[in-house]
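>>> generate coordinates for the sequence data below:
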Amino acid sequence: MSKVFVFAGTTEGRKLFELLKKNNISCTVSVATDYGANLLSGNSRCKVLSGRMSKEEMLAAVKKSKCLCLVDATHPFAQAVTSQIKLVCAELGVKYVRLLRDIDEQKDMADSLLFFDSVKSAAEYVKDRRGNVFVASGAKDLNVITDTIEDKSRIFARVLPSEDSLLKCIHSGLCEKNIIAMQGPFSSFMNEAMFRETKAKFVITKESGAAGGFEEKIIAAKKCGAITLVVKNPESKTGEKAQKSYSYSETVKLLETILKKRISFSAPKIILAGIGPGGVDFVTKEVFSAVQNADVVFGAKSILANPMFDGKKKINSYMFSDVSGYLQDHPECENPLIAFSGDSGFYSGARAFAKECEGKYSCSLLPGISSVNYFSAKIGSPWQDWKLLSMHGKYCNVESFVKSNQKCFVILSGKNDLHDLLARLGEACKNKIIPEVKVTIGFNLSREDENIICMNIGTSRKLKKQPSLEMLSLEKEGLYSVLVEHQSLPDLKFGMGIKDSLFCRKNIPMTKRDVRLIILNRMSLAEDSIVYDIGCGTGSVTVEAALIAKHGFVYAVDKNKEAVALTKMNLLRFGISNAKVVQKTAPDGLCKFPVPDCAFIGGSSGNLIDIIKALLKRNPLMRIVLSAVTLETFCMIKEAVSLLSVDDLDFTQVSISHSEKLGKYNFVKAENPVWVVSFSGSAGEKNES
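Numbers count the residues shown, from 1 in each chain. Just a heads-up that it's a prediction; the model follows:
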């Protein structure tokens, strides 16, 4: 006994049989040819029948199976077979379910499509018109076309690689060179290659939907300048007499109700693929194959415009929440693919996506050709000595890296990033923060409108003039990559512990070098830290923190107008671009900055407890360091931390003395003792009662 009987003449029918077999549901599947049977494998509970059946043979086979329902997944153009199946179900009282693939409308390509009610009428249209005819509608009605078109040398037919199909081609009068025997569906690239090779002026196809590669055919035909003749799907009707049909997922849900059994799909295996710089010729074979096998493709709008995804179900998003939501709503989707530009391992969103998949989905990363590889080869410069940076959706302290690296490669989000970078480089050169630089700009690398522009930015020469057409490219929206080069030796002037005498100071208090080093150490700075310097004074801590956190940013705050001006002066003096100075009385304005990793409080204007609370509200686990020269300030700090729940609390008093030359003697001169207090926040806060 088989609970389900499936007539499978389509991809959906074969998928349904494999799903039932996986769920150990007894079933029988019938296919018309041995070729179709070879695509399936049965077992003791799931049987495969091969060969076309008469109505009587159908009746006997279905009756023998004692099935609860019958799924008709035959081709939408096999109307005679569907009619016989319906009669069999009516006679035996078996539940009939029509599984019909979705037929997508192609409104945006209507100008290149002609619709016909039959293969005969399509053939009549082209018989007296000049040009070759590519038949992509199968072998079944091929004789109708060859009987209509007198010159059979014009006809090229693509059919399944089965004996039955080849015999039909031969009996229709086609010579061997005009027969293409291949299993589909095919990508738009493959279709385009075949249409061009056969010099097709007309393409005859059936309205077969996504599973039949319908969109890929019409896209390829349009690119080749061929006219697509579409034979309408006889079942795509509306009105009361139209047959009720179900999609693949709807059919599975209906079977669950009929069989009173849960049907489980395989867990999705997510592919995170790097598709290269953008051109279709620079996609790896592995990625291309994964795209062809994908049920659905997710990605940014600009990425999904790649012709490689033509004919695929596309969703304009690469956010984990959107992908996860879709997979929950579409359990039949077993092979989703998320497309990322460039290489999945080079400043790619694939890394963050893979992390979110941990413990939830199985995923694998496929590498792509990065913009670095492509650009390097294009301009003939090896990239092994380039400093690789990204301004794509994030801030990057490019000027600092240009100072210490002779070649910096930067990927950008778009033209706004490019304009910002060029302005910053120009300003840095003007202020002698960086030397004169050569900038090589790559626009839409590997695409049809690719452009590469070179210019010089520096103090000795003005911007190199370019042809107006090239400069106009800098105003185009698209993907930009930039290589910044200079011949000067790397600037190694400043390391940790800058001499106090190198800072502009005036009458503003300054955290001295030795104490500053202890403070920087206690802050546990990383290259990408977000740092607050509250009560920045001369900005000595701001400067040194910014030099350490090259990939991060420092936000300096002081209520004193002169201190703000002095800090800005010192930032300019040391070539710091990853810092911002604001005149405020903390904690006012702190909430407008990004979430901090650590903070130094050098002055609080009596608002210490409020400042610490405001900081811990932004990041309950952040690192905070304070300094105190007076006993009153120390007591204020001690009282403040006693009201808070903190970890790793440390009070250190620093007494530093320096030698001072007086005549022929070296006297030791003591500095004022300084308290350095450091701690990390914890999630809780004590009651102030």
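>>> what are the ranges of the strands in the stretch 101-250 of the chain?
For the stretch 101-250 of the chain, applying DSSP state E, counting those that start in this stretch gives strands covering 113-116, 132-135, 155-159, 179-181, 200-206, 227-231.
>>> what angle sits between the fifth one and strand 227-231?
In this case it means strand 200-206. 20 degrees (axes from the mean of the first three to the mean of the last three C-alpha atoms, to 10 degrees).
>>> what helices and strands are in contact with strand 200-206?
helix 119-126, strand 132-135, helix 214-224, strand 227-231 (3 or more C-beta pairs under 8 Å, 6 or more residues apart in numbering; DSSP states H and E). Bear in mind the C-beta positions are built from the backbone N, C-alpha and C, glycine included.
>>> what secondary structure does S302 sit in?
Of the three states, S302 takes helix according to DSSP: H, G, I helix; E, B strand; the rest coil.
>>> which pLDDT value goes with it?
Here the pLDDT value assigned to S302 is 86.
>>> for N444, see how far away it is.
10 Å (C-beta to C-beta, to the nearest Å).
>>> list residues touching both of these two?
L479 (C-beta atoms under 8 Å, 6 or more residues apart in numbering).
>>> between those two, which is the more surrounded one?
Neighbour count, other C-beta atoms under 10 Å: between S302 and N444, N444 has more, with 20 against 15.
>>> not counting sequence-adjacent ones, nearest residue to the more buried one?
Residue nearest to N444 in three dimensions, not counting chain neighbours: G478, with 4.5 Å by C-beta to C-beta, 6 or more residues apart in numbering.
>>> counting neighbours, what do you get for that neighbour?
Neighbours around G478, by other C-beta under 10 Å: 18.
>>> pretty sure it belongs to a helix, no?
No. Using three-state DSSP, the assignment for G478 is coil, not a helix.
>>> wait, it sits on S413?
No. Look at G478 against S413 with C-beta atoms under 8 Å: they stay out of range, at 10.4 Å.
>>> that older thread, now, of the helices and strands packed on strand 200-206, which is deepest in the fold?
strand 132-135 (a mean of 26; mean count of other C-beta atoms under 10 Å).
>>> circling back to that earlier point, among the helices and strands packed on strand 200-206, which is nearest S678?
Closest to S678 of the helices and strands packed on strand 200-206 is helix 214-224 (C-beta to C-beta; 62.4 Å).
>>> give me the distance from that closest one to the chain's centre.
26 Å (C-alpha atoms, centre = their mean, to the nearest Å).
>>> got the strands of the stretch 101-250 of the chain as CSV, with mean pLDDT and distance to S344 columns?
Formatted as CSV, the strands of the stretch 101-250 of the chain follow (pLDDT from 0 to 100; distance: least, C-beta to C-beta, whole Å):
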stretch, mean pLDDT, distance to S344
strand 113-116, 88, 37
strand 132-135, 95, 37
strand 155-159, 95, 35
strand 179-181, 94, 35
strand 200-206, 93, 35
strand 227-231, 92, 36
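>>> now render the ones you listed as TSV, adding distance to D558.
Converted to TSV, those look like this (distance: least, C-beta to C-beta, whole Å):
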stretch	distance to D558
strand 113-116	68
strand 132-135	75
strand 155-159	75
strand 179-181	76
strand 200-206	72
strand 227-231	70
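>>> which among those is found nearest to K617?
When those are compared by C-beta to C-beta, strand 113-116 sits nearest K617, at 60.6 Å.
>>> that closest one: which residues count as buried?
By neighbour count on 16 or more other C-beta atoms under 10 Å, the buried set for strand 113-116 is 113, 116.
>>> given that strand, what are its sheet partners and their directions?
Sheet pairing for strand 113-116, assigned by DSSP bridges, gives strand 227-231 (parallel).
>>> can I get the strand it pairs with as PDB, trimmed to CA atoms?
Coordinates of each C-alpha in strand 227-231 appear next as PDB, following Å, rounded to 0.1, in the frame of the first residue of the first chain:
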ATOM      1  CA  ILE A 227      12.300  37.500 -30.300                       C
ATOM      2  CA  THR A 228      10.800  35.100 -27.700                       C
ATOM      3  CA  LEU A 229       7.700  33.300 -28.800                       C
ATOM      4  CA  VAL A 230       5.900  32.000 -25.700                       C
ATOM      5  CA  VAL A 231       3.400  29.300 -25.800                       C
END
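>>> quick check: angle from it to helix 119-126?
160 degrees.
>>> so how far is strand 227-231 from its chain's centroid?
Relative to its chain's centre, strand 227-231 lies at 35 Å (C-alpha atoms, centre = their mean).
>>> what's the angle between that strand and helix 214-224?
Using the same axes, to 10 degrees, strand 227-231 lies at 160 degrees relative to helix 214-224.
>>> and the contacts of strand 227-231?
Applying C-beta under 8 Å, 6+ apart, the external contacts of strand 227-231 come out as 77, 112-119, 122, 125-126, 137, 201-207, 217-218, 221-222.
>>> now do the same contact list for the residue nearest to N444.
The contact partners of G478, taken as C-beta under 8 Å, 6+ apart, are 414-415, 443-444, 449.
>>> how close does it sit to Y532?
In terms of C-beta to C-beta, G478 sits 37 Å off from Y532.
>>> re the thing from before, tell me which of the helices and strands packed on strand 200-206 lies nearest to T251.
Closest to T251 of the helices and strands packed on strand 200-206, according to C-beta to C-beta: helix 214-224, at 20.2 Å.
>>> so that closest one versus strand 155-159, what angle?
In terms of direction (the same axes, to 10 degrees), helix 214-224 departs from strand 155-159 by 150 degrees.
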